[in-house]
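*Asks:* What follows is a protein structure lacking sequence information:
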C-alpha cells in the first residue's frame, strides 16, 4: 500500500472564527468529502486514500474538537457549528458540487449539511448513521461520558460495542494492539474533554421530520450487527426519503469501513461513479 | 394482577456449603425452574408468576451473589458453583424431571446444568444466551466492572444496552422511574461487588464444543436487536444441537421478557405443554 | 401417536344454504377453531389433534369447496361466503368466545371474520397470511390455475414453493411419497375445479385499511423463507394493529406447521393459554 | 439515455463447433463479461451498457440456446457446454484477465468457469445465484417446463416469482406492458424449447464441494425477497469461500438488476474498480 507520504496531497488549516479546521486533499476529480465518526480523524482513512483519490478529489476533514482541528475548550455547542465549519471549508476550496459521505456522527452532520445546502450536494452517502439522537442513544452517550474518568474505562465502554463479536474475535491480535495504542490517548484529559463535547453536541440532534424534504440522491448502508446505530434507525431514514437506495452488510458491526472494507470501498466508488439514470424499458 | 401475597407460595432458604440459596416455589405440577440474568432476581419474575404457576410448579432461585441468596464475599468462583448450587436445590426439593429455563447468564448456567445432569432435564429453554464468553463479551464485562465506581455510571453502561432503542423510547417514563430505583441500588458497594463477582464468574465460560453432545429437547429464542448476546451467538447454539427449535423476536432487545412478554409467556407455556412427538405423515 | 380413531371426537355436517359444511370437534374446553390453507383439509391437522384438544375444544372445518364440505360447482363466490359459513357453524355449535387460528387462505378468512364478528373472537392467531391479494399474489394464483390442466403440472407449480429449499431437501423421501399421493388427487377434475374456485374467491381480498380498526388480541407468525406470503406482508398486518405480537421462524417455508411443528404447537398452545395482562412494574 | 446505436460497439458471431455464439463488446478497458440469467439475453443489459462500458470493455454474450446464439435443437447438454463456449469466446477475443459477472443461471456458469479457468478470472461477481440445483430448485424447473404448453401459462409460472411483491405492485403498469411483450415470445415453440433445454442443462449442477478450492476474489450479492435463489443459498457459497464479500439488498427480488439498478451498478462498478488490498493498521 502507498503511504500517505507517497501521495500527492495538500494539508491545510482553514481559519474559521477563532479556530482552525484541519483539511487534507488528495488527487483530482469530483470532490468527495468524508466526515468522520466521533472517535475517528483524518488518519482513520489512510488505508482508503489511494483508492478514493484515484479519480476523485478526496477531501478529509477533522471536525472541530477532533484530530488536528482546534479544540473548542469551554464552548457549549451543537452539531450546527460543524455544519457551518464544513460549509466554510467548501466555500474556501471553491467547491461547487460535492459527493458527501458521513459515517455515524459524520453522517448526522452530512444529513444536516444536505438539508441546509442541498445545492452543493451531488450525492449523499450515509453509513451506520441515524436521523436522531433517540433517548436510548442519548443514554449511551452518557455512559461514554461517565466512563471517561480513565483511559481503560473509556476504551472498555466505547470500543468493543463498535465491532461485531465475530470481527472482534477473529482480529483479536490487532484489537489488543489497538487497545495498547488507544488507552494512552483515551487517558489524555484534553482528548477526552473534546470527545465529551462532541458527544454532547449530538444530544439534541433530531432531523426525522425534515428528512422528508430531502431530494438528494442518497445511499444508506446498514450493518446488521451494529450496536450503536442499529438497522431500524437506517430504515427510518430510508422510509423518509424518495431518492434513496438501501443495502445491508451481514455479520458486520458499526465500524463498517474496517469490518467490510471491500464492500465499503465498492459502494463508495460505485455509487459516485454511477451516472446514468436507470429506466425500466 | 395478583400480587405475590395472594399466591400460594413457599419461600425457603436452602443451605449449601456455608451459604444460603433463596428459593421460591409457586403452584403445583411439573417443575419449571427459571434462572435469572445477571442483574435480575426472583423479584424480576413477579409479573409472570400467575401464568407460569397455574399448571406448573414454578421455582424461582436467586443465584449465589444475587438477590436474597448469600453473597460470596472474597470468593473467587466460576459458574460451576451455580451449577452445583442448582443441583443441590433440585435434590433438596426431591425433583426428578424439570423444565429448565435460563435467560442470559441464567441460560449459560442452564446449558452447563443440562450438560452435567441431563437426566434431570426434560426440556431446556434458552432465551438471549450464548454458548461462550467471547473475547468481545469479556470486554463488555470489563466495561461493566469499570463503570461500577458509581451508581449512575453503572446504570448508564449496563442498562440502556439491554433494551432496544424503540422499547426504550416508547417506555421512556417507565425507564426514567426505573433509573431512579436502580441508581441507589447500583450505588451500594455490596451489591456492586456481587455484580462484579458474577461478571467475573462467566469470564472463562466456553461450552461450544460440549454442546454437540446435548440431546435434551431445546428451545432457543433470539431477539433481533439484542446488543449483549446477538442472534449469531444463538445460531451457534442451534447449529450445535440436534433436538432444537429456534425462533426470533423482531424489534426486541436483550431483555425479551419485558419487551415481548406475551411472546415470552406463550413460548414458555406452549413449549413445556407440547407433548406429542410430531411425525410427518 | 394417537390415531383419530382413538380420540373422542364428533364429526358432523352443518347445513348451510344448499350446502353442507364438514366440521370435526375434539375434546373439551375453550373453543379453538382452525381454518385451513387452500390445499389443506381437516385431515392435514391429524398430527396436531392430540395436543390441541387436550385442554381445548378443537374445531376443524373444511371450507366450502374443500375436503368433505360441499363443492360449489358453477358458483362464482368470494371469501365472504366462507366468513358466513364459519359464522353459521359457530352459531350452530352455540359457541360464544373462540380462539380463531388461520393459516394462509384460512388466515385471510380469519381476519375477515374477526373484523365482522369481533365479539366472538377472544384471540386471533395468524400464520403465514396476508392482509390482501396483491397484484403479485393474484398472478401467482393465475399460474396455479393455468397449471391445473394436469396433476403433475399442478403439483410442480403449487407444492415446492410452499416449502423451504432446506426442508424440501432434508425430507426428500417424504416429499417423493407425498408427490405420489398428491398427483392422482390433483388429476381429479372435480378436486381441481374446487381448488380453482377457491383461488378465485381470494382474488379481490383487500382488508389493508379495515385492519386498523381491529382490536382483537392477535399473534402474527412469519416464516423467513415463505415464498407465497413473504415476511413483509405480515409486517403490513403488524403495523396496522395495536394489540399484536409478531414472531419470525428462521429457515422455514410457507407450510410452517409441517416445517416447524414444535414452534407451531408451542405458539398456539402458549398464546391461548397466556391469560394475565402484562404490565411493566 | 444513449441508445445502443449511439454507442461504439462491435457485434460478432463467434463460431463454436457447429454453432455460433452471439457476442457484443462495448468500450475499452479491462474486460467485464456479463452472463445472463436463463430468460435474459444481451438485450436485457441495454440500460446498463453506458455505465458499464465507460471505463471497461463490456462484453455481453448470449448463451447457446439463448437470444441470438445458435439453438441446440435435439442436443442433450449440461452447463459444461456453456463453460466451454465461454472459454472459446475469451480465447477468440484474446482476453487474458477478465472480471466475470453472472446472475442466476449465469452465476452458475461463472462459478464453473472460475473453477476450471481461474487464471483468467480477476474478480468474480455473483448475483442471485446458487452453488447447486437442489431437489427443490429442480422441481421448480419441472414446473417451468410443464407450464411451457402456452405463453400465458409460462408467463404466470416463471415471471411473477422473479420479482418481489412490492416491486411488482409499484410497477404494475410496466409489468402489464411487459406481459404483453412476453406472452407472444413465450408462445413461440422454438423459444420455449430452448428455454426448456437451458432449464434441463442446470439440472445436475452441484459445485458445493469444489467451491472450497476457489481462491478468486468474489462478491456475492443476495436479495432478501428472492424466491428462486433465496439468501441461504448464497450463504452456502459465502461459507465455502475464503476471499469473499457478501451483501444483502433488502426488499428486493430475484431480478436485482431491475429492482435495485443503482445498487447493482454501484456494486459492479465499485467492486471492479477497488484495487488496493486493505490491511488493518
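*Replies:* Received, thanks. Keep in mind that this is a model prediction, so the values were computed, not measured.

*Asks:* from here on, contacts and neighbour counts on C-alpha atoms
*Replies:* OK.

*Asks:* And the pLDDT for the closest residue to chain B within the stretch 151-281 of chain A?
*Replies:* Using CA to the nearest CA, the single residue of the stretch 151-281 of chain A nearest to chain B is residue A:156, 4.5 Å away. pLDDT recorded at residue A:156 is 91.

*Asks:* for residue A:2, same thing?
*Replies:* For residue A:2, the predicted pLDDT is 47.

*Asks:* isn't residue A:201 right next to residue A:77, touching?
*Replies:* Yes - proximity of residue A:201 to residue A:77 meets the contact threshold set by CA atoms under 8 Å, at 5.7 Å.

*Asks:* So which of the two has more stuff around it?
*Replies:* Using other CA atoms under 10 Å in any protein chain shown as the criterion, residue A:201 and residue A:77 rank with residue A:201 on top: 18 against 14.

*Asks:* and that one, how far is that from residue A:102?
*Replies:* Between residue A:201 and residue A:102 the computed distance is 16 Å (CA to CA, to the nearest Å).

*Asks:* next one: residue A:114
*Replies:* Between residue A:114 and residue A:102 the computed distance is 11 Å (CA to CA).

*Asks:* What is the burial count for the residue in the stretch 51-200 of chain A positioned nearest to chain D?
*Replies:* For the stretch 51-200 of chain A and chain D, the shortest gap (CA to the nearest CA) falls at residue A:51, measuring 6.4 Å. Close neighbours of residue A:51, defined as other CA under 10 Å, add up to 18.

*Asks:* Check which helix or strand it maps to.
*Replies:* helix A:46-53 (DSSP states H and E).

*Asks:* need the longest helix for chain A.
*Replies:* Among the segments of chain A that qualify as a helix by DSSP state H, the longest is helix A:172-186.

*Asks:* Check which helices and strands that helix sits against.
*Replies:* helix A:151-158 (3 or more CA pairs under 8 Å, 6 or more residues apart in numbering or on different chains; DSSP states H and E).

*Asks:* Check the contact between residue A:39 and residue A:196; I expect there is one.
*Replies:* No - contact criterion CA under 8 Å: residue A:39 and residue A:196 do not qualify, at 10.4 Å.

*Asks:* Can you tell me, leaving aside adjacent residues, what's nearest to residue A:83?
*Replies:* Distance criterion CA to CA, 6 or more residues apart in numbering or on different chains; nearest residue to residue A:83, sequence neighbours excluded, is residue A:113 at 5.6 Å.

*Asks:* Also residue A:158?
*Replies:* residue A:144 is the one closest to residue A:158 (CA to CA, 6+ apart), at 6.3 Å.

*Asks:* Would you mind confirming that that neighbour makes contact with residue A:157?
*Replies:* Yes - counting by CA under 8 Å, residue A:157 is a contact partner of residue A:144 at 6.3 Å.

*Asks:* Between those two, point out the one with more neighbours.
*Replies:* Using other CA under 10 Å as the criterion, residue A:144 and residue A:157 rank with residue A:157 on top: 28 against 24.

*Asks:* residues in contact with the spatially closest residue to that one that is not a sequence neighbour?
*Replies:* Among residues not flanking residue A:157 along the chain, residue B:143 sits closest, at 5.0 Å (CA to CA, 6+ apart). Shown in contact with residue B:143 (CA atoms under 8 Å, 6 or more residues apart in numbering or on different chains): A:153, A:156, A:157, B:157.

*Asks:* where along the stretch 51-200 of chain A do the helices fall?
*Replies:* A:80-92, A:105-116, A:135-146, A:151-158, A:165-170, A:172-186, A:189-201 (DSSP state H, counting those that start in this stretch).

*Asks:* list the helices and strands whatever helix or strand comes next after the last one packs on?
*Replies:* What it means is helix A:189-201. Heading C-terminal from helix A:189-201, the first helix or strand you meet, by DSSP H and E, is strand A:217-223. Using 3+ CA pairs under 8 Å, 6+ apart as the contact test, the elements touching strand A:217-223 are strand A:121-127, helix A:231-240, strand A:244-249.

*Asks:* The residue nearest to residue A:147 when sequence neighbours are not counted: what's it in contact with?
*Replies:* Excluding the flanking residues, the one nearest residue A:147 by CA to CA, 6+ apart is residue A:154, at 4.9 Å. For residue A:154, the contact set (CA under 8 Å, 6+ apart) comprises A:144, A:147, A:148, A:183, A:186.

*Asks:* Pull the most distant pair out of those residues.
*Replies:* The distance between the two most remote of these (CA to CA) is 14.3 Å, for A:144 and A:183.

*Asks:* Tell me which of the helices of the stretch 51-200 of chain A lies nearest to residue B:125.
*Replies:* helix A:165-170 (23.4 Å).

*Asks:* That closest one vs chain D: in contact?
*Replies:* No - taking CA under 8 Å from any CA of the partner chain as the criterion, helix A:165-170 and chain D are apart, separated by no less than 11.7 Å.

*Asks:* That helix near chain B at all?
*Replies:* Yes - judged by CA under 8 Å from any CA, helix A:165-170 and chain B are in contact via A:165, A:168, A:169.

*Asks:* What's the separation between the closest residue in space to residue A:200 that isn't next to it in sequence and chain B?
*Replies:* Once flanking residues are discounted, residue A:200 sits nearest to residue A:78: 7.3 Å by CA to CA, 6+ apart. Using CA to the nearest CA, to the nearest Å, one obtains 22 Å as the distance from residue A:78 to chain B.

*Asks:* residues from the stretch 101-250 of chain A in reach of chain B?
*Replies:* So the stretch 101-250 of chain A meets chain B at A:134-137, A:139-140, A:142-144, A:146-147, A:153, A:156-157, A:160-161, A:165, A:168-169, A:172, A:225, A:227, A:230 (CA under 8 Å from any CA).

*Asks:* closest point of the stretch 51-200 of chain A to chain C, which residue?
*Replies:* Closest point on the stretch 51-200 of chain A to chain C, by CA to the nearest CA, is residue A:136, at 17.8 Å.

*Asks:* For that residue, report the pLDDT, please.
*Replies:* According to the prediction, residue A:136 has pLDDT 96.

*Asks:* Which members of the residues of the stretch 101-250 of chain A next to chain B are classed as buried?
*Replies:* Buried members of these, counted by 16 or more other CA atoms under 10 Å in any protein chain shown: A:134-137, A:139-140, A:142-144, A:146-147, A:153, A:156-157, A:160-161, A:165, A:168-169, A:225, A:227, A:230.

*Asks:* List, one by one, the residues from the stretch 51-200 of chain A near chain D.
*Replies:* Counting by CA under 8 Å from any CA, the stretch 51-200 of chain A sits next to chain D at A:51, A:174.

*Asks:* Now the stretch 1-150 of chain A against chain B: closest residue?
*Replies:* Taking CA to the nearest CA, chain B has its nearest neighbour within the stretch 1-150 of chain A at residue A:143, 4.5 Å off.

*Asks:* Distance check, that residue against residue A:136.
*Replies:* 11 Å.

*Asks:* go on, residue A:100?
*Replies:* With distances taken as CA to CA, residue A:100 is found 27 Å from residue A:136.

*Asks:* Now the terminal residues of stretch A:100-107, how far apart.
*Replies:* 9 Å.

*Asks:* tell me the secondary structure for the nearest residue to residue A:260 once chain neighbours are set aside?
*Replies:* Once flanking residues are discounted, residue A:260 sits nearest to residue A:252: 7.0 Å by CA to CA, 6+ apart. Of the three states, residue A:252 takes coil under DSSP: H, G, I helix; E, B strand; the rest coil.
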